[in-house]
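Chemist: Based on what follows, work out the 3D shape:
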Amino acid sequence: MTDHLTIVTHPLVQHKLSLMRDKETSTASFRQLLREISQLLAYEITRELDMTTRRIETPMEAMDAPILEGKKLALISILRAGNGLLDGVLELIPAARVGFVGLYRDEETLEPVQYYFKVPESLEDRLVIAVDPMLATGNSSVAAIDLLKKAGAKNIRFMCLLAAPEGVARMKEAHPDVPIVTASLDRGLNEKGYIMPGLGDAGDRMFGTK
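Modeler: This next block holds a predicted model:
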């Protein structure tokens with residue numbers, strides 16, 4: 001573990017990830033597991049949120065109780081596969097603002113192509129958590145973070161299910177100020193830019209498309 005990369009080794013995370021990797025796991029099960037694992041990863045990525053206190057009355061007495069400080073955080077889904085992580089995190093943080101960055105990977109160049117961008121206002125005042133299940137080449141993730149910084153975001157974290165060393169290195173080079181939280185650092189990429197051993201295409205497995 002480094003400051004830039006946190007691998008969540010919790011037994012429940014690793015067990016659920018193994019089930020997701022299995023090619024026999026159904027679309028419905030894959031989707032449910034992704035939702036569950038996203039909450040466990042969100043628990044880790046939100047560990048250092050700013051806190052303040054508020055005076056409240058319990059049934060017993062008054063107290064200064066800890067609460068989150070500042071504007072609601074922003075969750076940014078990198079479409080389309082990011083939506084699978086988004087759902088679980090929103091259950092944990094229902095008041096979060098939500099944005100979307102639409103990028104697809106050109107199969108020839110492996111470079112990201114933008115087709116959609118809609119994010120909450122005042123990003124500069126919010127913790128911004130970008131979510132995408134796979135950090136493979138890192139090109140799409142870097143492009144998404146570029147766009148978020150242009151929109152004013154200053155405090156950004158990146159949450160993914162799987163990462164390849166190539167993607168982690170690319171992100172660290174382009175955005176050394178953006179910590180990454182993942183469930184696994186896999187071996188590397190194949191010639192098509194897919195994570196190995198990986199779990200295939202997260203979007204296809206989540207939505208049942210091919």
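
Chemist: Return the set of buried residues in the top helix by length along the chain.
Modeler: Scanning the chain for the helix with the most residues, using DSSP state H, yields helix 27-45. For helix 27-45, burial by neighbour count (16 or more other C-beta atoms under 10 Å) applies to 30-42, 44-45. Where C-beta positions appear, they are placed from N, C-alpha and C, glycine not excepted.

Chemist: And Val181, how close does it get to Ala164?
Modeler: 15 Å (C-beta to C-beta, to the nearest Å).

Chemist: ditto for Asn83
Modeler: For Asn83, the distance to Ala164 - C-beta to C-beta - is 21 Å.

Chemist: now Ala136
Modeler: Applying C-beta to C-beta to Ala136 and Ala164 gives a distance of 5 Å.

Chemist: same deal with Ile45?
Modeler: Applying C-beta to C-beta to Ile45 and Ala164 gives a distance of 19 Å.

Chemist: just so I have it, where are all the helices in the protein?
Modeler: 11-21, 27-45, 82-92, 139-150, 165-174, 202-207.

Chemist: contacting residues around the shortest one?
Modeler: Counting contacts by C-beta atoms under 8 Å, 6 or more residues apart in numbering, the residues outside helix 202-207 that touch it are 20, 25, 27, 30-31, 34, 80-81, 84, 133-134, 161, 199, 209-210.

Chemist: and Val181 and Ala164? which has more neighbours close in?
Modeler: Ala164 (26 against 22; other C-beta atoms under 10 Å).

Chemist: Give me the pLDDT for that one.
Modeler: Confidence at Ala164, expressed as pLDDT, is 97.

Chemist: can you check Leu49 too?
Modeler: pLDDT, Leu49: 87.

Chemist: OK, contacts around Asp186?
Modeler: Asp186 touches Leu162, Ala163, Ala164, Ile195, Met196, Pro197, Gly198, counting by C-beta under 8 Å, 6+ apart.

Chemist: Can you find the helix or strand of this structure with the lowest average pLDDT?
Modeler: helix 202-207 (a mean of 86; mean pLDDT, DSSP states H and E).

Chemist: Give the partner strands of the biggest strand by length in the chain in its sheet and their orientations.
Modeler: Longest strand in the chain by number of residues (criterion: DSSP state E): strand 97-105. Using DSSP bridges, strand 97-105 pairs in its sheet with strand 74-79 (parallel), strand 112-118 (antiparallel).

Chemist: could you check the angle helix 27-45 makes with the shortest one?
Modeler: Strand 74-79 and helix 27-45 are oriented at 140 degrees to each other (axes from the mean of the first three to the mean of the last three C-alpha atoms, to 10 degrees).

Chemist: average pLDDT for strand 74-79?
Modeler: Averaging the model's pLDDT scores along strand 74-79 yields 94.
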